[in-house]
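*Asks:* only geometry, no sequence info:
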């Protein structure tokens, strides 16, 4: 009987200890579970990086469109265009080509209207002239060069780009780098343009200047 009583006492003590351990663990787990969402919220606020459209260095105001354009790199990597956080032309999309890559968007809504690639080395400039001449009023025009944008560019094409606000269209030549954002019948020069002359003494790539990148915030309906 004494042995049986001792066994029951040990079993009771073991049960009480197990219940105490379980209770402590349950309470501790419950407290952690309650605190966890608050801790995650604080962490996300502290570590979350601000997201900007097209990966711009800073956000645009509500009445502005965000854009980022890069020209092609030599004749190896094609150009890319992002507008309002949408990649509209890029090598990944397989919708860019040698020469000039152009996208036309609505200046009020930002919706893409037209896009095309025009080979200015072996292609027909008449197709580009028709494309530019048919650009409607109230639109923005994004341009990125790739490989050779200027070999077959004639005076009419240069004038059409100048009327869109370009300062460098009349200088554009063989294998120059060029990125540009303009608008139909712009009354002044666009502030969104970069140009780099093909120069064997300064070229970054053999036979080509380095690629150009242009980003910014275009005001709606301002053009």
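*Replies:* Cool, the structure landed. Note that the structure is a prediction, hence the values are computed from the model and not measured.
*Asks:* Distance check, residue 124 against residue 117.
*Replies:* The span separating residue 124 from residue 117 equals 13 Å under the rule CB to CB, to the nearest Å. C-beta coordinates here come from the backbone N, C-alpha and C atoms, glycine included.
*Asks:* Name the residue in these two with the higher neighbour count.
*Replies:* When neighbours are counted by other CB atoms under 10 Å, residue 124 and residue 117 differ, and residue 117 comes out ahead with 19 against 12.
*Asks:* The more buried one: what secondary structure?
*Replies:* strand (DSSP: H, G, I helix; E, B strand; the rest coil).
*Asks:* how about it, what does it touch?
*Replies:* With contacts defined as CB atoms under 8 Å, 6 or more residues apart in numbering, residue 117 is in contact with 95, 96, 97, 98, 99, 100, 101, 102.
*Asks:* Can you find the helix or strand of this structure with the lowest average pLDDT?
*Replies:* Of all the helices and strands that make up the chain, the one with the lowest confidence by mean pLDDT, DSSP states H and E is helix 2-47; it has a mean of 43.
*Asks:* what about the most centrally placed residue in the chain, distance to residue 156?
*Replies:* The residue at the geometric middle of the chain, judged as the C-alpha nearest the mean C-alpha position with CA atoms, centre = their mean, is residue 54 (2.9 Å). When CB to CB is applied, the distance between residue 54 and residue 156 equals 32 Å.
*Asks:* What strands line up against the helix or strand hosting residue 103, and which way round?
*Replies:* Counting by DSSP states H and E, the element that carries residue 103 is strand 99-106. For strand 99-106, sheet partners with direction are given as strand 112-118 (antiparallel), strand 139-146 (antiparallel), following DSSP bridges.
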